[in-house]
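[1] fold the following for me, if possible:
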Amino acid sequence: RSNFGINDLTFRQFEGFLDMSNYPLSKLDREYYQITSINNAIGYPLKNLPLNDGNNLLLGNEVGGNDSPIVWNMFSLTSSRANHNVMILGTSGMGKSTLTKKILTSSLAAGNIAIIIDPQAEYVKWANKMGGQIVDLGSGDGTVINPLQVKSFIAREEDDANVNFNTLINNHLLWLEKFFSFIFDDMNEMKKNILQLEIIKLYQSWGIYRLKEVKELKNDGWPTMDDLIKQMKKFVAPKDHHDKEGYTKKVLDMAELLEGKFGRYGTLGALYNGHTNINIENDLVVFKTSNLIDTEGSVNARIGIMVLISLVNGFIFDNAFNNKKRINEYKEKNKIRLISKKEIQKLTRYCSFCIDEEHLYISEKNITTLNYISDTTKLVRKLDCGTIHTTQNPSDYASSTAVEQIAKKITGNCQYSFFLGLVGDDIEAVKKLYKTAEAPLLDSEVKFISGRRVGKVLASMSNALRYKINLHYNPKEKELFFEKGEDENMRN
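    Numbering: from 1, shown residues only. Model (predicted):
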């Protein structure tokens, strides 16, 4: 790869030996090449530099002769590590969820925050042991998310509170357009226009446009779907409208459609018609979404993840803003203008946002949601947050050209990748996804991850830095994570 050629000195090896021994009467002038000491040092057969980020997460020991420990911090930024995002790929039973819990537990122990979207209830027992908060969505237990409540974070990359509030509302109107497009398959431009105008009118009547920031209103101060439906039922087009009766009928028809979906007996009413009553009051929050997931691509399944990510994004933004505020207060208190990177890290509460079993949301029918996941992965990079994407079916990322393009955006925005026991189509899908990287997977690395050995992982820390690791779990971690007992292959 670096154009180094090797000359075996056929029939001249004795001359080579003499030249190497500095024999004065024999010189291989044509083969002679001066090499600097630094190049010689780099060429010494040590595969990787030791990795020690100096934090509390001992991933394990490098597989090989040196057996060096790998101490890793997903929130450490260097010249070659640009963000905190993580991709974990592994077939069922290879320890994917266990590794994720290890990473999240370490982050929580360091005083950070962890939020998990859990479609298969794999994190509930662990979260209970950790004293976390469990939010069960779609189970009929009274949990509500209000789509009409404007979020702090929508299509924003900066934790700046001085953004014009009208801009936030306009962004939220665009988000609502996607939301309603999921629900109504025949959302033409006329229906979109009717809904947007009626929501704007609703916000005006509730004084929303007079607000300066989202926090001025508590959850129960926002209008709900019931309020929107009531307003639309009373609609009468202006006298000077060119089609007064026709337009009035269209608005009333739209109100009837909304009532059918969000009314008392509507399929979406229980979860999306009311005031948001989810408050993230814990450093560890698990959103159990098993009741929102199905294999048929229902409306609930398609919009559930999008609405939930929007809710979490608002919290991520608020956390980043609080970090910025804390740092500014520290500067003022100590009367300094510039603080070190180390001090900033001490003052910052980082957030880990895990989307587990991401393959469940991957579908040609669900491109909008997949795009929303991709956008979130990109946007949170500047908001003291790292996303963790886990999947046991990487081949789903290559199920179509459209899906593959978005998947490449997600993997392209993930600084770290972990590979555990992949086989067949999944191996080919991973090779394809990472083919455009500066350093695609080597044959030896592909062979390692296809070995399907529990507790063995290939960790990619940058384009050119990968480690084959024997994962380590201490007694406390085993107590927290190993619900089905300890695998003999993971004893160390």
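
[2] for the rest of this, base every contact and every neighbour count on C-alpha atoms.
    OK.

[3] per-domain residue ranges of this protein.
    Residue ranges for the domains of the chain, per the TED database: 51-143+280-491, 144-277.

[4] what about the helices in the stretch 301-450 of the chain?
    341-347, 367-379, 401-412, 424-433, 443-449 (DSSP state H, counting those that start in this stretch).

[5] looking at the ones you listed, which is closest to residue 131?
    helix 341-347 (23.7 Å; Cα to Cα).

[6] for that closest one, which outside residues touch it?
    323, 326-327 (Cα atoms under 8 Å, 6 or more residues apart in numbering).

[7] quick one: average pLDDT of it?
    Averaging pLDDT along helix 341-347 gives 91.

[8] same question for stretch 24-37.
    Per-residue scores along stretch 24-37 average to 69.

[9] quick one: end-to-end distance for that stretch.
    One end of stretch 24-37 to the other measures 23 Å (Cα to Cα, to the nearest Å).

[10] in the stretch 301-450 of the chain, where is pLDDT below threshold?
    Applying pLDDT under 70 to the stretch 301-450 of the chain flags residues 436-439.

[11] what's the distance between residue 433 and residue 347?
    Distance, residue 433 to residue 347, by Cα to Cα: 36 Å.

[12] swap in residue 178?
    Taking Cα to Cα, one finds residue 178 at 37 Å from residue 347.

[13] the more surrounded of these two?
    Per other Cα atoms under 10 Å, whichever of residue 178 and residue 347 has more neighbours is residue 178, with 17 against 13.

[14] in three-state terms, how would that one be classified?
    helix (DSSP: H, G, I helix; E, B strand; the rest coil).

[15] next up, the contacts around the one residue sitting closest to the centre of the chain.
    The C-alpha lying nearest the average C-alpha coordinate of the chain belongs to residue 387 (Cα atoms, centre = their mean; 2.8 Å). Shown in contact with residue 387 (Cα under 8 Å, 6+ apart): 84-86, 352-355, 377, 380.

[16] list the buried ones in stretch 7-27?
    By 16 or more other Cα atoms under 10 Å, the buried positions in stretch 7-27 come out as 16, 19.

[17] kindly report the same for stretch 135-153.
    For stretch 135-153, by 16+ other Cα under 10 Å, it's 135-138, 143-153.

[18] kindly report the same for stretch 273-280.
    So, applying 16+ other Cα under 10 Å, buried residues of stretch 273-280: 273-276.

[19] quick one, helices of the stretch 51-200 of the chain?
    96-109, 124-129, 165-183, 189-205.

[20] who are the packing partners of the last one?
    Yep, that's helix 189-205 we're talking about. helix 165-183, helix 225-233, helix 244-262 (3 or more Cα pairs under 8 Å, 6 or more residues apart in numbering; DSSP states H and E).

[21] would a markdown table of those with distance to residue 407 and mean pLDDT be doable?
    As requested, the helices and strands packed on helix 189-205 are exported to a markdown table (distance: least, Cα to Cα, whole Å; pLDDT from 0 to 100):
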| stretch | distance to residue 407 | mean pLDDT |
| --- | --- | --- |
| helix 165-183 | 20 | 90 |
| helix 225-233 | 34 | 97 |
| helix 244-262 | 32 | 95 |
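
[22] any chance of those helices in TSV, plus distance to residue 282?
    Converted to TSV, those look like this (distance: least, Cα to Cα, whole Å):
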stretch	distance to residue 282
helix 165-183	26
helix 225-233	29
helix 244-262	30
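
[23] pLDDT below threshold where in the stretch 101-250 of the chain?
    For the stretch 101-250 of the chain, the ranges with pLDDT under 70 are 138-140, 153-163.

[24] ok, now which ones touch residue 337?
    Counting by Cα under 8 Å, 6+ apart, the residues that residue 337 touches are residue 331.

[25] what lies in contact with stretch 272-279?
    So stretch 272-279 is in contact with 135, 143-147, 219-220, 222-226, 262-263, going by Cα under 8 Å, 6+ apart.

[26] closest one to residue 185 out of those residues, please.
    residue 262 (15.9 Å).

[27] ok, now which ones touch that closest one?
    By Cα under 8 Å, 6+ apart, the neighbours of residue 262 are 225-226, 268-270, 272-273.

[28] go through these and flag which are in helices.
    Among the contacts of residue 262, DSSP state H puts 225-226, 269-270, 272 in helices.

[29] dump the contacts of residue 387 to a markdown table, plus distance to residue 242 and neighbour count.
    Converted to a markdown table, the contacts of residue 387 look like this (distance: Cα to Cα, whole Å; neighbours: other Cα atoms under 10 Å):
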| residue | distance to residue 242 | neighbour count |
| --- | --- | --- |
| 84 | 55 | 26 |
| 85 | 53 | 27 |
| 86 | 56 | 27 |
| 352 | 54 | 26 |
| 353 | 51 | 26 |
| 354 | 52 | 23 |
| 355 | 50 | 23 |
| 377 | 46 | 26 |
| 380 | 47 | 26 |
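
[30] for those, which one is nearest residue 210?
    residue 380 (28.4 Å).

[31] these two touch, right, that closest one and residue 386?
    Yes: Residue 380 lies in contact with residue 386 (Cα atoms under 8 Å); the separation is 6.9 Å.

[32] most neighbours per residue, which of the helices of the stretch 301-450 of the chain?
    helix 367-379 (a mean of 20; mean count of other Cα atoms under 10 Å).

[33] show me what it is packed against.
    Using 3+ Cα pairs under 8 Å, 6+ apart, helix 367-379 is in contact with helix 299-334, helix 401-412.

[34] of those helices, which is nearest residue 52?
    Here helix 401-412 is closest among those (Cα to Cα), at 24.1 Å.

[35] report all helices and strands that the closest one contacts.
    Counting by 3+ Cα pairs under 8 Å, 6+ apart, helix 401-412 packs on helix 367-379, helix 424-433.

[36] relative to the whole chain's centre, how far out is that helix?
    Distance of helix 401-412 from the chain centroid (Cα atoms, centre = their mean, to the nearest Å) equals 14 Å.

[37] stretch 402-416 now?
    Remark: stretch 402-416 is offset 11 Å from the chain centroid, using Cα atoms, centre = their mean.

[38] could you export that stretch as CSV, CA atoms only?
    Taking Å, rounded to 0.1, in the frame of the first residue of the first chain, the C-alpha atoms of stretch 402-416 are listed here in CSV:
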residue,chain,number,x,y,z
ALA,A,402,-32.4,4.0,-0.8
VAL,A,403,-32.0,2.3,2.5
GLU,A,404,-28.3,1.6,1.8
GLN,A,405,-27.6,5.3,1.1
ILE,A,406,-29.1,6.4,4.4
ALA,A,407,-27.3,3.6,6.2
LYS,A,408,-24.0,4.8,4.9
LYS,A,409,-24.8,8.3,6.2
ILE,A,410,-25.4,6.7,9.7
THR,A,411,-22.2,4.6,9.6
GLY,A,412,-20.3,7.6,8.2
ASN,A,413,-21.3,9.7,11.2
CYS,A,414,-20.3,7.0,13.7
GLN,A,415,-16.7,7.4,14.9
TYR,A,416,-16.6,4.0,16.6
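
[39] contact partners of it?
    Residues contacting stretch 402-416 (Cα under 8 Å, 6+ apart): 81-87, 362-364, 367, 370-371, 373-374, 377-378, 397-398, 433-434, 459-462.

[40] give me the subset of the contacts of residue 387 that lies in strands.
    86, 352-355 (DSSP state E).

[41] residue 308: which of these is nearest?
    Distances from residue 308 to the ones in strands among the contacts of residue 387, taken by Cα to Cα, are shortest for residue 355, at 10.8 Å.

[42] you'd agree that closest one is up against residue 114?
    No: Residue 355 lies out of contact with residue 114 (Cα under 8 Å); the separation is 11.1 Å.
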